[in-house]
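>>> Just to be clear, the model below is a prediction. Sequence and coordinates:
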Amino acid sequence: MTGGNGGNGALPAQANDIATANASANDPKENLNQVINSIQKNLGLIHQLYLTVSSFSAASQAPLLQRLYCILTFNGLITELDNMDKLAEKCNIQVPMEVINLIDDGKNPDEFTRDVINSCIAKNQVTKGKTDGFKALRKNLLEELEQAFPDEVESYREIRAISAAESKRLAQAQSSLPNGDVKVKPEL
């Protein structure tokens, strides 16, 4: 047992992974995919280790040590761990400390996502309430002003209509394409 590729002339998986990593070193999505693939390979090798060690008996110590040596060296767990570390250096992933603390506490990190979403929903409801309050205040003020100053409110509404039409015209002019078509915002 002196080689990891079985002598068939094929590139070892680790060398192949590094060549691919160098080819797409600037693509963050590709870098992340390479790290994920490396993690999956490591998990497979660790599973092999688990299966090997879980069937241990005193009589099978020599074959066990030989199998462990093969998994760690020829199958490349150590090399793959090093490869994963090198690939991970190219990924700029920022994980909030709250997520790491949840994982350390043995909790599901989805709890963090759920809490963040619930917080955003609550803030959105507060903001919507404020917006609705200002709309109601504006409506009431206009009604009161219209009773006291009907001519001025009519002038105000005409100015607002002209201003709204001008704003709409400018928005359409900015969103028109060279062929005369209009860009349409997709509804979310």
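Arrived safely, thanks for sending.
>>> Of all the helix elements in this structure, which one is longest?
Longest among the helix segments of the chain by residue count, using DSSP state H, is helix 110-148.
>>> Show me what that one is packed against.
helix 97-104, helix 150-174 (3 or more Cβ pairs under 8 Å, 6 or more residues apart in numbering; DSSP states H and E). Using the backbone N, CA and C atoms, a C-beta is placed for each residue, glycine as well.
>>> Could you pull out the buried residues of the shortest one?
Pointing back at helix 97-104 there. By 16 or more other Cβ atoms under 10 Å, the buried positions in helix 97-104 come out as 99, 102.
>>> next SSE after the helix or strand of the chain with the lowest mean pLDDT?
Lowest by mean pLDDT, DSSP states H and E among the helices and strands of the chain is helix 13-23, with a mean of 49. Counting by DSSP states H and E, the next helix or strand C-terminal to helix 13-23 is helix 28-54.
>>> what comes up buried for the longest helix of the chain?
Buried-residue list, helix 110-148, by 16+ other Cβ under 10 Å: Phe112.
>>> could you point out where this protein is predicted with low confidence?
The chain contains residues with pLDDT under 70 at 1-26, 74-75, 175-188.
>>> which residue ends up closest to the midpoint of it in space?
Geometric centre of the chain, nearest residue: Ile93, 8.6 Å, by Cα atoms, centre = their mean.
>>> My guess is that one contacts Lys29. True?
No: taking contacts as Cβ atoms under 8 Å, Ile93 lies outside contact range of Lys29: 11.6 Å.
>>> if we can go back for a sec, ranking the helices and strands packed on helix 110-148 by burial, who's on top?
For the helices and strands packed on helix 110-148, the largest average neighbour count (mean count of other Cβ atoms under 10 Å) is found in helix 97-104, namely a mean of 12.
>>> circling back: and the gap between the closest residue to the residue nearest to the centre of the chain other than its chain neighbours and Val99?
Spatial nearest neighbour of Ile93, excluding adjacent residues (Cβ to Cβ, 6 or more residues apart in numbering): Leu32 at 7.3 Å. From Leu32 across to Val99, the span is 17 Å (Cβ to Cβ, to the nearest Å).
>>> before we move on, what about Ala161?
Distance, Ala161 to Val99, using Cβ to Cβ: 51 Å.
>>> again, but for Val126
Taking Cβ to Cβ, one finds Val126 at 25 Å from Val99.
>>> what's the spacing between Val116 and Glu152?
For Val116 relative to Glu152 (Cβ to Cβ), the value is 48 Å.
>>> With Leu142 instead?
From Leu142 across to Glu152, the span is 11 Å (Cβ to Cβ).
>>> cool, Asp105 as well?
Going from Asp105 to Glu152 by Cβ to Cβ gives 63 Å.
>>> Cheers, nothing more for now.
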